[in-house]
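1. need coordinates for the below:
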Amino acid sequence: MSAAAVAHSASPAPHERRRDGEVIALVGLAHGTSHFFHLLLPPLFPWLMPQFGLSFTEAGFLVTVFFVVSGVGQALAGFVVDRVGARPVLFAGVATLATSALVLAAADSYAGLIAAAAVAGLGNSIFHPADFTLLNRRVSPVRLGHAFSVHGIAGNLGWALAPVFMATLAALAHWRVAALAAAAVGAGVLALLLLRHASLRDRESATSVAAAAEPGGVRAAAADRLAFLRSATVWWCFVFFFLVTSAFGILQSFAPSILGAVYGLPLALATAGLTAYLLGGAAGMVAGGFIAARGDHSERVIAWALAGAALMAVLLASGSIVPWLVLPVMVAMGFGAGVAGPSRDLLVRKAATAQFGKAAFGRVYGFVYSGLDLGLALSPLIFGPLLDRGRFTVALAAVALLQIMALAVALRVGARAGAEQARLAADRAR
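-> Next up is the predicted model:
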């Protein structure tokens, strides 16, 4: 090959990097927005509860409504993504989130708050199937580990920003002003996504991908869209997400109370424990992106990372460490969970493509990630009564146990997906 030909073949690389970078940034922004709206209501509870005379149970029910609607909607949204494409579904999701904030701003009863939570859950339901379909179709495979890393970090940043944003505006002005400002955030993100819509166009239409991936073309694809539900590997992925997020749900909901009770930390320092976990998780996702990009053994990375996180949870549950080590241990536990994140998303890709190809990205990601919503919805309901009986160390031990169970499931998923890929390769070689 001539030098000119070599230069010509290498020249698309900078353009490809720019394209990948923009897609990763736009999808990450959308994901951060979805996590921002996870916390549309909880930071406003100190204002909403006296305004509407709510009990803690009634306030907590709003969170349950959000995650139940999101979980059911997420399992269904994947079919829509595979049918019409990820881009319009992503736009609709961001618009729905902005609308939920307007519903909240106009609420004059508990029913209005429930409606706001339900609309927000509906908007949130589309992000995992739409996001991961776009990333898998628009980002070069060599950069997918980094793409999934940025995706996770953006979500953590959305979680971190929302309480400060909402509570500050509610304190300075009014909770309705905070809700209107949240609507403006959603509208601003939607405007930017629409402006750069060309970058988010699927490489192939959902119909053409399905036709190419399924024997018999579009009719066969349409006739067997539920085939993934007969896959044990897909169900194991669902169980994996349920276990991982059930462990996180304990910390998200109760970490300040647990750390305060077990180690006698003041409220501010105990609350900082959750922040330390999230910061450790963000750092772990950065490292996890590089690790995921360098190898093809996602399940092993997940196993080692979650084993480290589980060990930190056991240390905390022992009650034997000195109080000043609590925050570093929380950082280390978050780091382990964060490292597992990008490899976790690659593992789902491996499980999806091993049997169903690109045609099923939306519905496979939508279904398995609904396990995430189920874990976050049920975890407080399951472990709250345990804490009411003062069993704080048992809750920390449950975090470790759930993480150990998740790593065992990850190894099983990896083995099954690998075996399926080997079988398909052997079939093609015949």
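2. per-residue pLDDT, Asp427?
-> If you check Asp427, the pLDDT there is 63.
3. what's the answer for Leu378, then?
-> In the predicted model, Leu378 carries a pLDDT score of 83.
4. name the helix or strand for it, please.
-> Secondary-structure assignment from DSSP states H and E places Leu378 in helix 361-388.
5. pull out the buried positions in that helix.
-> 361-380, 383, 387 (16 or more other C-beta atoms under 10 Å). The way it works is simple: take the backbone N, C-alpha and C, and place the C-beta from them, glycine included.
6. which helices and strands does it pack with?
-> On a contact count with 3 or more C-beta pairs under 8 Å, 6 or more residues apart in numbering; DSSP states H and E, helix 361-388 meets helix 56-84, helix 127-138, helix 232-263, helix 326-355, helix 392-429.
7. and these: which comes nearest Gly289?
-> Distances from Gly289 to each of the helices and strands packed on helix 361-388 were compared by C-beta to C-beta, and the smallest falls on helix 326-355, at 4.9 Å.
8. chain center to that closest one: distance?
-> Between the mean C-alpha point of helix 326-355 and the mean C-alpha point of its chain there is a distance of 11 Å (C-alpha atoms, centre = their mean, to the nearest Å).
9. tell me what angle it forms with helix 361-388.
-> Using axes from the mean of the first three to the mean of the last three C-alpha atoms, to 10 degrees, the interaxial angle of helix 326-355 with respect to helix 361-388 works out to 150 degrees.
10. for the residue nearest to Ser109 when sequence neighbours are not counted, what are phi and psi?
-> Leaving aside its sequence neighbours, Ser109 sits nearest to Phe52 (C-beta to C-beta, 6 or more residues apart in numbering; 7.0 Å). The phi/psi pair for Phe52 (degrees, to the nearest 10) reads phi -110, psi 10.
11. what pLDDT does Phe52 get?
-> 94.
12. where are the low-confidence patches of this protein?
-> Segments of the chain classed as low confidence (criterion: pLDDT under 70) are 1-13, 56, 202-224, 295-296, 352-360, 418, 420-430.
13. which helix or which strand is home to His151?
-> helix 144-172.
14. contact partners of the helix or strand following that helix?
-> Next in sequence after helix 144-172, counting helices and strands by DSSP H and E, comes helix 175-195. Residues outside helix 175-195 that contact it (C-beta atoms under 8 Å, 6 or more residues apart in numbering) are 26, 29-30, 33, 36-37, 40, 44, 47-48, 51, 90-91, 94-95, 97-99, 101-102, 104-105, 165-167, 169-170, 200.
15. just the buried ones among the residues you listed, please.
-> So, by 16+ other C-beta under 10 Å, the buried ones in those are 26, 29-30, 33, 36-37, 40, 44, 47-48, 90-91, 94-95, 97-99, 101-102, 104-105, 165-167, 169-170, 200.
16. show me those residues that map onto helices.
-> 26, 29-30, 33, 36-37, 47-48, 90-91, 94-95, 97-99, 101-102, 104-105, 165-167, 169-170 (DSSP state H).
17. ranking the helices and strands packed on helix 361-388 by burial, who's on top?
-> Neighbour counts (mean count of other C-beta atoms under 10 Å) averaged over each of the helices and strands packed on helix 361-388 peak at helix 127-138, with a mean of 28.
18. need the residues that contact it.
-> Contact with helix 127-138 is made by 19-20, 23-24, 27, 30-31, 34, 74, 77-78, 81-82, 86-87, 89-90, 93, 144, 147-148, 151, 199-204, 209, 345, 348-349, 358, 361-363, 365-366, 369, 372, as judged by C-beta under 8 Å, 6+ apart.
19. how distant is that helix from the center of its chain?
-> Using C-alpha atoms, centre = their mean, the mean C-alpha position of helix 127-138 is found 12 Å from that of the whole chain.
20. and stretch 165-172, how far out from the chain's middle?
-> Counting by C-alpha atoms, centre = their mean, stretch 165-172 is centred 26 Å from the centre of its parent chain.
21. how about Ala247: what's its closest non-neighbour residue?
-> Nearest in space to Ala247, with sequence neighbours left out and distances taken as C-beta to C-beta, 6+ apart, is Leu402 at 3.9 Å.
22. what's near enough to touch that neighbour?
-> 243-244, 246-247, 250.
23. how about a markdown table for these, with distance to Gly336 added?
-> Converted to a markdown table, the contacts of Leu402 look like this (distance: C-beta to C-beta, whole Å):
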| residue | distance to Gly336 |
| --- | --- |
| Leu243 | 15 |
| Val244 | 11 |
| Ser246 | 16 |
| Ala247 | 11 |
| Ile250 | 16 |
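24. returning to what we had before: which parts of the helix holding His151 are buried?
-> Taking 16+ other C-beta under 10 Å as the criterion, helix 144-172 shows 144-162, 165-167, 169-170 as buried.
25. mind exporting stretch 290-310 as CSV, just the C-alpha atoms?
-> This file holds the C-alpha atoms of stretch 290-310, laid out as CSV (Å, rounded to 0.1, in the frame of the first residue of the first chain):
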residue,chain,number,x,y,z
PHE,A,290,-10.0,2.2,31.0
ILE,A,291,-10.1,-1.3,32.4
ALA,A,292,-13.2,-2.3,30.3
ALA,A,293,-11.6,-0.9,27.1
ARG,A,294,-8.5,-3.1,27.5
GLY,A,295,-10.1,-6.5,27.9
ASP,A,296,-13.0,-8.8,27.0
HIS,A,297,-13.5,-10.5,30.3
SER,A,298,-16.2,-8.1,31.8
GLU,A,299,-17.5,-10.7,34.2
ARG,A,300,-14.1,-11.1,35.8
VAL,A,301,-13.7,-7.4,36.3
ILE,A,302,-17.1,-7.2,37.9
ALA,A,303,-16.4,-10.1,40.2
TRP,A,304,-13.1,-8.6,41.5
ALA,A,305,-14.6,-5.1,41.8
LEU,A,306,-17.7,-6.3,43.7
ALA,A,307,-15.6,-8.6,45.9
GLY,A,308,-13.6,-5.6,47.0
ALA,A,309,-16.8,-3.6,47.6
ALA,A,310,-18.3,-6.5,49.6
